[in-house]
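*Asks:* Sequence first, predicted model second:
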Amino acid sequence: MYIIDRFEGDWAIIEYKKRKTFNLPLSLIPPEAKEGDVIFISVKINADYTKKLRAKVNKIADSIFKD
Amino acid sequence: MKRIVLLILAALLLAGCINNTSKEANLKNRNEQATIAGSQKQTDTLEVHFLDVGQGDSILIRFPNGKNMLVDAGKNNSDSTIINYLKNNGVKKLDYLIGTHPHEDHIGSLDAVIENFEIGEILMPKVTNNTQTFRDVLSAIKNKGLLVTTAKAGVNIINDDKLSVNILAPCGTTYESLNNFSAVIKVKYGDVSFLFMGDAEEISEKEILASGADVNAQVLKVGHHGSQSSTSLEFLKAVSPKYAVISVGEGNDYHHPHQVTLDKLQKAEVTILRTDQIGSIVFSTDGQKIDFINEP
């Protein structure tokens, strides 16, 4: 369970199991969210962009490695 | 061989004695002696300890009549820091325990404090949070069979000849941010006053001023770790402190204290004392003059 403990500037401070806390950028939080709200967090992998980015990085890497 | 061992032992003992001459150790010893002589020994000094709990608040107030007050209990991981600090200073009972507002950086180790010390009166604003941190505080209070006094403007905690402790905020009952539910506490001993702001923001500061409460204080515990949300110019002028204490963690993610707050304090020629730079900050007063025990 993820619960919003508080907001600090550009961050929302989220509490999860065993009272650990972490910061989430406020831009990921719905604007109507309030302190004490229980939230769902789901993460999706952007496969398309991962592929494009990997190709781009590898191209640069290839150009600077000796072997 | 025996002689060498004895020499080493003597050297170790000497090193221990040298360490004990530090001001903090003297304070610790003095308090331990006071405890041995009787836990509620009358003195003529009031002490205020701003504990270094990183990016959070925890303040120990030792009254001249031997009673103790703790305002906030740091973060979830501050439990051993706070418990050890209190025990090392000979504190056995917290006659007054205040949770200024239910954010993790203020009530994080409140449950551990309740479980480890004898508790007199507990005061908190009448507002809740849904976190496990807050639920554990409620459980600790319930398990000990204690009841909470609502912290709100107008509540008087102590009213002796020379000593008074009053709550100046929250003035209202609904706020968007829990910060504005912060119990704001004024401690006055003789001619010396301390004002503890919790995380109260400008909204609460305005309400306090409108209430006509006397906010003037020599020592201001700056609201909300020096965030720009607090310490409005109007409020700072009314308090007109000599010292501003900022309870803050080094390199925190929120850039506390904010430069705009530091600029206001500097312009008003207030001496700024920060727990991230000094560590724990201790004041002592006889009701006329204020001393640092650990002068920065």
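*Replies:* Cool, the structure landed. These numbers come from a predicted model, not from an experiment.
*Asks:* ok, A:E8 touching B:G249?
*Replies:* No: using Cβ atoms under 8 Å, A:E8 is not in contact with B:G249, being 11.9 Å away. To be clear about C-beta, it is placed using only N, CA and C from the backbone, and glycine gets the same treatment.
*Asks:* So for the two, which residue has more residues nearby?
*Replies:* Taking neighbours as other Cβ atoms under 10 Å in any protein chain shown, A:E8 and B:G249 compare with A:E8 leading, 24 against 18.
*Asks:* So what pairs up with the more buried one in the strands?
*Replies:* Here A:E8 sits in beta bridges with A:W11, going by DSSP bridges.
*Asks:* and the residue nearest in space to the middle of chain A, helix, strand or coil?
*Replies:* Nearest to the geometric centre of chain A sits A:L24, at 6.8 Å (Cα atoms, centre = their mean). The three-state assignment at A:L24 reads strand, by DSSP: H, G, I helix; E, B strand; the rest coil.
*Asks:* Okay, and the beta partners of it?
*Replies:* On the basis of DSSP bridges, A:L24 is bridged to A:A12.
*Asks:* Close to chain A: what parts of the stretch 1-150 of chain B are there?
*Replies:* Proximity of the stretch 1-150 of chain B to chain A is confined to B:76, B:103-105, B:108, B:128-133, B:136 under the rule Cβ under 8 Å from any Cβ of the partner chain.
*Asks:* Tell me the buried residues within those residues.
*Replies:* For those, a burial check counting by 16 or more other Cβ atoms under 10 Å in any protein chain shown picks out B:76, B:103-105, B:108, B:129-133, B:136.
*Asks:* Spell out which parts of the stretch 151-296 of chain B neighbour chain A.
*Replies:* The stretch 151-296 of chain B comes close to chain A at residues B:176-179, B:227, B:253-255, as judged by Cβ under 8 Å from any Cβ.
*Asks:* Among those, which one lies nearest to B:P241?
*Replies:* Nearest to B:P241 among those is B:S227, at 17.2 Å by Cβ to Cβ.
*Asks:* Can you say which helix or strand has the closest residue to B:V155 other than its chain neighbours in it?
*Replies:* Distance criterion Cβ to Cβ, 6 or more residues apart in numbering or on different chains; nearest residue to B:V155, sequence neighbours excluded, is B:I167 at 4.2 Å. Assigned by DSSP states H and E, B:I167 belongs to strand B:163-169.
*Asks:* buried sites along that strand?
*Replies:* Quick answer for strand B:163-169 (16+ other Cβ under 10 Å): B:163, B:165-169.
*Asks:* same check, this time on stretch A:5-18
*Replies:* Neighbour-count burial for stretch A:5-18 flags A:5-8, A:11-15 (criterion: 16+ other Cβ under 10 Å).
*Asks:* got those residues as CSV, with pLDDT columns?
*Replies:* Compiled in CSV, the buried residues of stretch A:5-18 are given as follows (pLDDT from 0 to 100):
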residue, pLDDT
A:D5, 98
A:R6, 98
A:F7, 98
A:E8, 97
A:W11, 97
A:A12, 98
A:I13, 98
A:I14, 98
A:E15, 98
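*Asks:* Just name the closest of those residues to B:K237, please.
*Replies:* A:E8 (26.4 Å).
*Asks:* List the residues that contact that closest one.
*Replies:* For A:E8, the contacting residues are A:23, B:227, B:253-254, by Cβ atoms under 8 Å, 6 or more residues apart in numbering or on different chains.
*Asks:* Mark which of the residues you listed are buried, thanks.
*Replies:* For the contacts of A:E8, buried by 16+ other Cβ under 10 Å: B:227, B:254.
*Asks:* any residues touching the one helix or strand B:L273 maps to, and which ones?
*Replies:* Assigned by DSSP H and E, B:L273 belongs to strand B:271-274. Outside strand B:271-274, the residues that touch it by Cβ under 8 Å, 6+ apart are B:50, B:242-246, B:248, B:257, B:262, B:265-266, B:281, B:296.
*Asks:* Run the chain-centre distance for stretch B:129-147.
*Replies:* Stretch B:129-147 sits 21 Å away from the centroid of its parent chain (Cα atoms, centre = their mean, to the nearest Å).
*Asks:* still on that earlier bit, show me which of the contacts of strand B:271-274 are buried.
*Replies:* In the contacts of strand B:271-274, the ones that pass as buried (16+ other Cβ under 10 Å) are B:50, B:243-246, B:248, B:257, B:262, B:265, B:281.
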